[in-house]
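> The sequence and its predicted three-dimensional model are supplied below.
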Amino acid sequence: MASLVVVTWLSSPASAASTTTTTAPVTQIDPAGTVWLCRPGLADNPCDGSMTTTSVTAKGTRTVQTDAVSTTHRYDCFYLYPTASNESSINSDLTVQPTETSIAMDQASRFSKVCNVWAPMYRQITVSGLSVANSTDPGAYTVAYDSVLADWTDFITHYDNGHPIIFIGHSQGSVMLIKLLQAQVDANPTIRRLMVAAIIAGGNVTVPTGKTVGATFQHLPLCASSDESGCVIAYSSFPSEPPPDANFGRPGQGISLNTGQTATTGVQVACVNPADVGGGGTAALKTYWPVAAPLPIPSMAPTGAAISTPWLYYPGQYTGTCESAGGATWLQVTDTAKKGDTRPVVTEIAGPTWGYHFQDINLGLGNLVVDVHNAEAAYRSSSH
């Protein structure tokens, strides 16, 4: 039988981005025992740092953009981070480490422009625990999910206060998010009405071939329009067709097995293009990179003078389109650079079976923030 795969994300020490502290900061641990990596009012919150960005064009022209971050959103984002823990145990404890802080800033902080970001620590399977969890101790997945479920129960009971919710996950975070949505949202009409959107990157959400709902979720469809809410944006990024043994993009193998999705016929892995939700075409990806990049992503900083902002934006460097071929479905990421463009480019860091998995979120981060904004507008105009 094919082995289970949970994707690894290793991170470097915390990013150099600045953070803000409220006049009356809250602590990371609440009475219910949840440890918050990010939440409104948290001191040294990695999800509400500076959004100041250096934009670098293909010709090397640099401009600085400053974006304000609000702390009074009507909407809540519930974010589950990918594999980040470097602890020696199979499952992590709930101590906030620099790796989790860094990845939350890199992936989730820009969503603070459109929602209040809540990110609980959970007892995820660690980098060193993956091989054990995938062979001799599958119960490690139960430990991780039970921790997520306790965090969610605390959040929805004590903190959300009926606010509409956007769910965001990547890699192992997507595995846990799929399980959580299946058990707590898809089957619960009351909570389902609160869901604005779900972003599930690198998790192999599946649907019946040619359909937008079914298989992974029974009531949560793929987003078919930019003015739709209550739907799912799911994809995995590759520079070309995923190979036969790919961990992503092909049903019934790789990361699919971590959520019990073993079917290989009659279903396809979902792809919703974050740059063209529901459009079915090719569109520009708005790539945002943290200047202090987490491993294994090398620094995306351009050559020349040092960048003083915490963020980089490379306009017009990549396009994205959803493609299907040979039983695979994936987000085709194409480098559109012309002669003379010296900006750094992404690579398949872990080889073709992983594609651009480590860059899934950042390749389309600007698009995803706009997608959430549009979903919120659609939610407001609906009957909710």
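Arrived safely, thanks for sending.
> Now do T99 against S128, distance only.
Separation of T99 from S128 (CB to CB, to the nearest Å) stands at 13 Å. Just so you know, the C-beta spots here come from the backbone N, C-alpha and C atoms, and that holds for glycine as well.
> With neighbour numbers in mind, choose between those two.
Higher neighbour count among T99 and S128: T99, with 24 against 14, using other CB atoms under 10 Å.
> could you say which helix or strand contains that one?
Under the criterion of DSSP states H and E, T99 resides in helix 98-108.
> what packs against that helix?
Other helices and strands packing on helix 98-108, by 3 or more CB pairs under 8 Å, 6 or more residues apart in numbering; DSSP states H and E, are strand 36-38, strand 76-80, strand 116-120, strand 165-170, strand 288-290, helix 360-363.
> how about 6 Å then?
strand 36-38 (3 or more CB pairs under 6 Å, 6 or more residues apart in numbering; DSSP states H and E).
> gap between the strand it packs on and the chain center?
16 Å (CA atoms, centre = their mean, to the nearest Å).
> again, but for stretch 299-317
Put simply, stretch 299-317 sits 21 Å off its chain's centre (CA atoms, centre = their mean).
> Give the residue spans of the stretch 1-150 of the chain that score low on pLDDT.
1-25, 27, 68-71 (pLDDT under 70).
> change it to 80
Along the stretch 1-150 of the chain, segments meeting pLDDT under 80 span 1-32, 67-72, 131, 134-138.
> So which residues of the protein form helices?
98-108, 130-133, 139-158, 172-180, 189-192, 360-363, 365-381 (DSSP state H).
> Is it possible to get TSV of those helices that adds distance to P310?
Formatted as TSV, these follow (distance: least, CB to CB, whole Å):
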stretch	distance to P310
helix 98-108	8
helix 130-133	30
helix 139-158	27
helix 172-180	22
helix 189-192	35
helix 360-363	13
helix 365-381	13
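> gap between T72 and V127?
Counting by CB to CB - T72 and V127 are separated by 37 Å.
> So which of these two has more stuff around it?
When neighbours are counted by other CB under 10 Å, T72 and V127 differ, and V127 comes out ahead with 20 against 6.
> what's the distance between the more buried one and Q28?
22 Å.
> hang on, the earlier thing: so which of the helices of the chain gets nearest Y288?
helix 365-381 (4.2 Å; CB to CB).
> Run the angle between that closest one and strand 165-170 for me.
160 degrees (axes from the mean of the first three to the mean of the last three CA atoms, to 10 degrees).
> roughly how far is the helix holding T99 from the heart of the chain?
11 Å.
> mind listing what's buried in that helix?
Under the neighbour-count criterion of 16 or more other CB atoms under 10 Å, helix 98-108 has 98-108 buried.
> Give me the neighbour count for G169.
28.
> residues touching it, list them.
80, 177, 200 (CB atoms under 6 Å, 6 or more residues apart in numbering).
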